[in-house]
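> Show me the folded form of this:
(chains A and B)
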Amino acid sequence: MDIAAKTGWSREEMAQNIARDIPDGSYVNLGIGMPELVANYIPENREVVFHTENGLLGIGPSPAEGQEDDEMINAGKKPVTANKGAAFFHHADSFAMIRGGHIDICVLGAFQISENGDLANWSTGEPKAIPAVGGAMDLVQGVKHVIIITKHTTKDGKPKIVRECTYPLTGKGVVDRIYTDLAIIDVTDKGLFVKEMAPGVDFNTLQGKTEALLNQY
Amino acid sequence: MINKVVKTASEAVADVFDGATVMISGFGEAGSPIELIHALIDQGAKDLTIVSNNTGNGHVGLAALIENRQVRKMICSFPRTAHSVVFPELYKNGEIELELVPQGTLAERIRAGGAGIPAFYTPTSVNTPLAEGKETREINGNPYVLEYGLKADFSLVKCKTADRHGNLLFNKTARNFGPIMCMAAKAAIVQAKEVVELGGIDPEIVVTPGIFVNKVVEVANPLSENQLIKEERRYPWT
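Numbers count the residues shown, from 1 in each chain, chains lettered A, B, ... in the order given. Take a look at the predicted model:
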């Protein structure tokens, strides 16, 4: 077995790390894919209200098989339920919540993050690719804390945390914190600071897998 | 007497003309007025500009309208989804135009269009390729992008309950773009799962007041796009 594969956090542990850091009473928007896992790990004594930009505050657990409703979905178009106290609203109101600074935290995926917090997560810029943006650009501008969940490197081992993004930007200087399988990294005015490293990871190894300069607190 | 209720979907969409701008509600399948779209396919208006969050799925509904070559241009935020096959093909061949708009900007442009606001500044898309060529301005020290309100000749919207004045209630997350698209169109055409007597909707909970609605048609048992896709159905039915 590859020893390298055993170091670092699993997807579930990455989601747990984020869930642990979400304060009681937060309004949170989760992006499509890996960010959705975060909802599974909110500690029981905390009340967190999940927002989905297609028009629901108070997302509940996934419905049981056979109980799915075509008109009850999340932004990833997956079936969801509504918790007690939930609310439905139209798109302009939903994005007023986002753009207007009413959502506390959003958790998004990333293609690249730069050392000054630029985020690229909507397009690889390939000429033949069909561009699709959804709500990402609204979320990064309006939500109070923008959190990224991502593998530290690409599938072929290239750094995703870079000096400057080469892919088209979603927003400039918008990321607050990055949770990877190897570390938790804060984006500050003074650069990137490593808050925590996964078991079995040391600073030099981490820097070796990161193009941007990392700092230690 | 005001009676916005018409008998059939084809009657509801009869006035749509070639070259019209048509807003179509829905986020994926949720809220997509599939019967009105199919009636528009039968009606045949072409050279349309369609404003909708996505570009349809499989070969039914909005995807079928595009496949039937009635659409010149799409204004949307997310043109590719898991089951989107028609639009990507035409787009790659240069046979359909795309104006890509961030989702919140799309919603606000529609809301503004319906509210008589010609343009507005937004932080969304600042310093990204989607702001290129657009006017920007610094307000209170922050950069913003100028975006224009969107209006339409028609909107096709799905809702749960309507009355003859056009007051509307929606169903769960199928509400999405429906209310604002009713506001932004010269003629808002709505398919409702049920049409109730006047007074049958509590005024306190009306979501879209009837003033924004022009035509209502009852479609008691709307088709499920998901089901049609599973069955690999195509419209017009083959």
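> buried ones in the lengthiest helix in chain B?
Secondary structure of chain B per DSSP state H: the longest helix is helix B:103-115. Under the neighbour-count criterion of 16 or more other C-beta atoms under 10 Å in any protein chain shown, helix B:103-115 has B:103-114 buried. (Each C-beta comes from the backbone N, C-alpha and C, glycine too.)
> and if you look at stretch A:124-142?
For stretch A:124-142, the neighbour count (16+ other C-beta under 10 Å) marks A:130-142 as buried.
> again with stretch B:191-207
Along stretch B:191-207, these residues count as buried under the neighbour rule (16+ other C-beta under 10 Å): B:191-193, B:195, B:201, B:207.
> Go ahead and name everything in contact with that stretch.
A:90, B:5, B:9, B:12, B:33, B:35-36, B:156-165, B:167-171, B:175, B:179, B:216-220, B:222 (C-beta atoms under 8 Å, 6 or more residues apart in numbering or on different chains).
> With only the CA atoms kept, save that stretch in PDB.
Coordinates of each C-alpha in stretch B:191-207 appear next as PDB, following Å, rounded to 0.1, in the frame of the first residue of the first chain:
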ATOM      1  CA  GLN B 191     -49.500  27.100 -15.700                       C
ATOM      2  CA  ALA B 192     -51.100  26.200 -12.300                       C
ATOM      3  CA  LYS B 193     -51.700  22.800 -10.800                       C
ATOM      4  CA  GLU B 194     -55.000  24.100  -9.500                       C
ATOM      5  CA  VAL B 195     -57.100  27.200 -10.200                       C
ATOM      6  CA  VAL B 196     -59.300  28.100  -7.300                       C
ATOM      7  CA  GLU B 197     -62.300  30.400  -6.800                       C
ATOM      8  CA  LEU B 198     -61.600  34.100  -6.100                       C
ATOM      9  CA  GLY B 199     -61.100  34.300  -2.400                       C
ATOM     10  CA  GLY B 200     -59.700  30.800  -2.300                       C
ATOM     11  CA  ILE B 201     -56.200  32.200  -1.600                       C
ATOM     12  CA  ASP B 202     -55.600  34.000   1.700                       C
ATOM     13  CA  PRO B 203     -54.400  37.500   0.700                       C
ATOM     14  CA  GLU B 204     -51.800  37.300   3.500                       C
ATOM     15  CA  ILE B 205     -50.000  34.600   1.800                       C
ATOM     16  CA  VAL B 206     -50.200  35.500  -1.900                       C
ATOM     17  CA  VAL B 207     -46.700  35.200  -3.300                       C
END
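> so how far is that stretch from its chain's centroid?
Taking C-alpha atoms, centre = their mean, to the nearest Å, the mean C-alpha location of stretch B:191-207 is offset from the chain mean by 21 Å.
> cool, and stretch B:141-148?
Taking C-alpha atoms, centre = their mean, one finds stretch B:141-148 lying 26 Å from the centre of the chain it belongs to.
> at contact distance from chain A, anything in that stretch?
No. No part of stretch B:141-148 sits close enough to chain A to count as contact by C-beta under 8 Å from any C-beta of the partner chain; the gap is at least 9.3 Å.
> pLDDT of that stretch, averaged?
Taken as a whole, stretch B:141-148 has an average pLDDT of 98.
> so where is the chain shaky, pLDDT-wise?
Unless you meant another one, I'm taking chain A. Scanning chain A for pLDDT under 70 picks out the ranges A:1-6.
> Pull up the distance across stretch B:56-73, start to finish.
Stretch B:56-73 stretches 14 Å from its first residue to its last (C-alpha to C-alpha, to the nearest Å).
> Need the mean per-residue confidence for the longest helix of chain B.
On average, helix B:103-115 scores 98.
> Output that helix in PDB with nothing but the alpha carbons.
C-alpha atoms of helix B:103-115 as PDB (Å, rounded to 0.1, in the frame of the first residue of the first chain):
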ATOM      1  CA  GLN B 103     -27.000  33.400 -11.000                       C
ATOM      2  CA  GLY B 104     -27.600  36.300  -8.500                       C
ATOM      3  CA  THR B 105     -27.000  38.900 -11.200                       C
ATOM      4  CA  LEU B 106     -29.500  37.100 -13.400                       C
ATOM      5  CA  ALA B 107     -32.100  37.100 -10.700                       C
ATOM      6  CA  GLU B 108     -31.500  40.800  -9.900                       C
ATOM      7  CA  ARG B 109     -31.500  41.800 -13.500                       C
ATOM      8  CA  ILE B 110     -34.900  40.200 -13.900                       C
ATOM      9  CA  ARG B 111     -36.200  41.700 -10.600                       C
ATOM     10  CA  ALA B 112     -34.900  45.100 -11.700                       C
ATOM     11  CA  GLY B 113     -36.500  44.800 -15.100                       C
ATOM     12  CA  GLY B 114     -39.800  44.100 -13.500                       C
ATOM     13  CA  ALA B 115     -39.400  46.900 -11.000                       C
END
